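Visitor: Provided below are the primary sequence and the corresponding predicted coordinates.
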Amino acid sequence: MRRIVCVGECMVEFAPIEGQSYRRGFAGDTFNSAWYLRRILPEEWAVDYVSCVGTDAISDEMIGFMAAAGVGTAGIRRVPDRTVGLYTISLHDGERSFTYWRSASAARSLAADAGWLGDQLAGADTLLFSGITLAILPPEGRLVLLDRLRHARSTGATVVFDPNIRLHLWPDADAARHAIAAAAAVSDLVVPSFEDDALLFGDADPEVTIARYRAAGATSVVVKNGPGQIVAWSDREGLSSLHPPGVKVVDTTAAGDSFNAGLLAARARGASLAAAIDSGARLAGHVCGAAGALVPLP
């Protein structure tokens, strides 16, 4: 059995529904990708999640939700006296903003035990992590995570990094830039969003974004660009681009996460980079057509 491992933080999500009500669920960038990967990959692929949660009732419920979705939970460590984070979504014309409560999140101790973390990553064919995964960790934890990912890459894993830049999680922009560059240096595939990278790094166009991650050591880069043209490069297939299909946007929550899942699932099954981008764009378009992070598939 082959194995994809997603690393990060799952949270309690409150998404708006009609009137003044909210629907409670569980979501988080890399977990969203794991959820979609489990739905589109064949059973010979295991999809596992690596994180930390508390020992309270809501943590129990979260693990139960993951397991019921078919996502492996053996890589989740329980941390006493901690719990899971929570966020609410606000929508305006389909675009979302978030309010977070995560100061007591157990996922912040994800890299506190380097030996445990290395064991959870061992044997993976593909490893996915994000800039949010990095941002919630203390500086020493970031170094541990990157070291363990570097080791996994050296033993044959494909490491995938989505910068998913959320500046409010970082002490300052310089800290974010430094950590993102360090993460790209241990990664094979980087899947940034152009709007985020342009804001943080001043990139003039997606080609500049690609050049920066190539210089850091990535062997493939796929630059997401909302409804605009997706531009990609790999050392084996060169440059490619795609205009994603037009969709009626209801909610952009998890658009990038589902794109990552569609892309990685297609690559896992041997698709070309161009075909994998198309798979990612189609899945993201479907997800944007409904509310919430985790949208049922046809």
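Guide: In hand now; what should we look at? Numbers count the residues shown, from 1 in each chain.
Visitor: and A68, how many neighbours?
Guide: Using other CB atoms under 10 Å, A68 has 8 neighbouring residues. No exception for glycine: its C-beta is placed from N, CA and C like everyone else's.
Visitor: Run through the residues that contact the residue nearest to S105 when sequence neighbours are not counted.
Guide: Once flanking residues are discounted, S105 sits nearest to G85: 4.0 Å by CB to CB, 6 or more residues apart in numbering. Residues near G85 by CB atoms under 8 Å, 6 or more residues apart in numbering: E9, M11, V12, Y100, W101, R102, A104, S105, A107.
Visitor: Of those residues, which belong to strands?
Guide: Counted as lying in strands by DSSP state E, out of the contacts of G85, are M11, V12, Y100, W101.
Visitor: Determine the three-state secondary structure at P244.
Guide: The local conformation at P244, judged by DSSP: H, G, I helix; E, B strand; the rest coil, is coil.
Visitor: ok, it - how many residues close by?
Guide: By other CB under 10 Å, 22 other residues sit near P244.
Visitor: Could you double-check that it sits in contact with A281?
Guide: Yes: if you go by CB atoms under 8 Å, P244 and A281 touch, sitting 3.9 Å apart.
Visitor: Overlap in contacts, the two.
Guide: With CB under 8 Å, 6+ apart, P244 and A281 have common neighbours I230.
Visitor: just to revisit the earlier point, mind putting the ones in strands among the contacts of G85 into a markdown table with pLDDT and distance to R2?
Guide: Output for those, formatted as a markdown table (pLDDT from 0 to 100; distance: CB to CB, whole Å):
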| residue | pLDDT | distance to R2 |
| --- | --- | --- |
| M11 | 96 | 28 |
| V12 | 95 | 31 |
| Y100 | 89 | 34 |
| W101 | 92 | 37 |
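Visitor: Neighbour-wise, which one of those residues leads?
Guide: M11 (24 neighbours).
Visitor: what's across from that one in the sheet?
Guide: A27 (DSSP bridges).
Visitor: quick one: it from P138, how far?
Guide: To P138, M11 is 19 Å away according to CB to CB, to the nearest Å.
Visitor: What of S21?
Guide: 37 Å.
Visitor: For stretch 263-278, give the mean pLDDT please.
Guide: Mean per-residue pLDDT for stretch 263-278: 96.
Visitor: Stretch 121-129 now?
Guide: For stretch 121-129, mean pLDDT is 98.
Visitor: centre of the chain versus it, how much separation?
Guide: The chain centre lies 13 Å from the centre of stretch 121-129; the measure is CA atoms, centre = their mean, to the nearest Å.
Visitor: which outside residues touch stretch 216-224?
Guide: With CB under 8 Å, 6+ apart, stretch 216-224 has contacts from 161, 181, 184-194, 197, 206, 209-210, 213-214, 230-236, 256, 259, 263, 273, 277, 280.
Visitor: I'm done for today, thanks for sticking with me.
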